[in-house]
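*Asks:* compute the structure for the input listed below.
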Amino acid sequence: MSTRDPDSAAAVPTAPDQPAQEPGEHRSPWVRAIFLAAGSLCVLLGLIGLFLPLLPTTPFLLLAAACYARGSRRFYDWLLANRTFGPLIHEWRKHRSIPYRTKISAIALMSFTLGISIVFFVPVMWVKGLLGAMGVGLAIWMYRMPSRDRPR
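*Replies:* Predicted coordinates:
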């Protein structure tokens with residue numbers, strides 16, 4: 001959320017503890033349809049990401065929420081009301097963080113499935129190395145995301 005400074009055309013950010021203002025639906029029905037299609041694709045990719053190790057679920061669901069907010073209030077409200085994904089999206093919108101337990105579970109599951117893939121299903125050595133490097137990079141990126149409930 002930002003406010004306009006009367007002396008400047010630049011946006012002035014509000015306090016960081018305030019959640020971002022939710023955008024409304026776009027005026028154009030064509031643009032709303034594109035946002036709705038993009039949001040649905042992101043939900044689908046997020047669901048697939050539950051089972052594939054290198055396809056992250058959380059960023060796709062956050063992107064889906066952003067698309068639905070501009071494309072369809074009904075789908076946006078449905079996604080936020082979802083008992084599985086809604087709390088994660090609320091946490092991100094309000095605090096810009098991911099629950100610690102979710103983050104650690106995602107890293108553990110990704111490590112397990114990547115390890116199985118590397119050991120049993122990938123015969124080419126350089127591909128094994130590439131998958132391992134991508135997994136380590138993704139785990140580091142995910143671990144560095146903020147968590148409000150991280151144990152001290």
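
*Asks:* secondary structure element for the residue lying closest to Phe85 once chain neighbours are set aside?
*Replies:* Ranked by CB to CB, 6 or more residues apart in numbering and with sequence neighbours excluded, the top spatial neighbour of Phe85 is Leu61, at 5.2 Å. All C-beta spots, glycine's among them, are computed from the backbone N, C-alpha and C. Per DSSP states H and E: Leu61 is located in helix 57-71.

*Asks:* next SSE after that helix?
*Replies:* Following helix 57-71 in sequence, per DSSP H and E, is helix 73-81.

*Asks:* can you give me the angle that following helix makes with helix 57-71?
*Replies:* Angle of helix 73-81 versus helix 57-71, following axes from the mean of the first three to the mean of the last three CA atoms, to 10 degrees, is 150 degrees.

*Asks:* circling back to that earlier point, packing partners of the helix holding Leu61?
*Replies:* Using 3 or more CB pairs under 8 Å, 6 or more residues apart in numbering; DSSP states H and E, the elements in contact with helix 57-71 are helix 29-49, helix 73-81, helix 86-95, helix 100-116.

*Asks:* neighbouring contacts of the second one?
*Replies:* Counting by CB atoms under 8 Å, 6 or more residues apart in numbering, helix 73-81 makes contact with 24-25, 36, 39-40, 43, 61, 64-65, 68-69, 85-86, 89-90, all of which sit outside it.

*Asks:* noted, bye for now.
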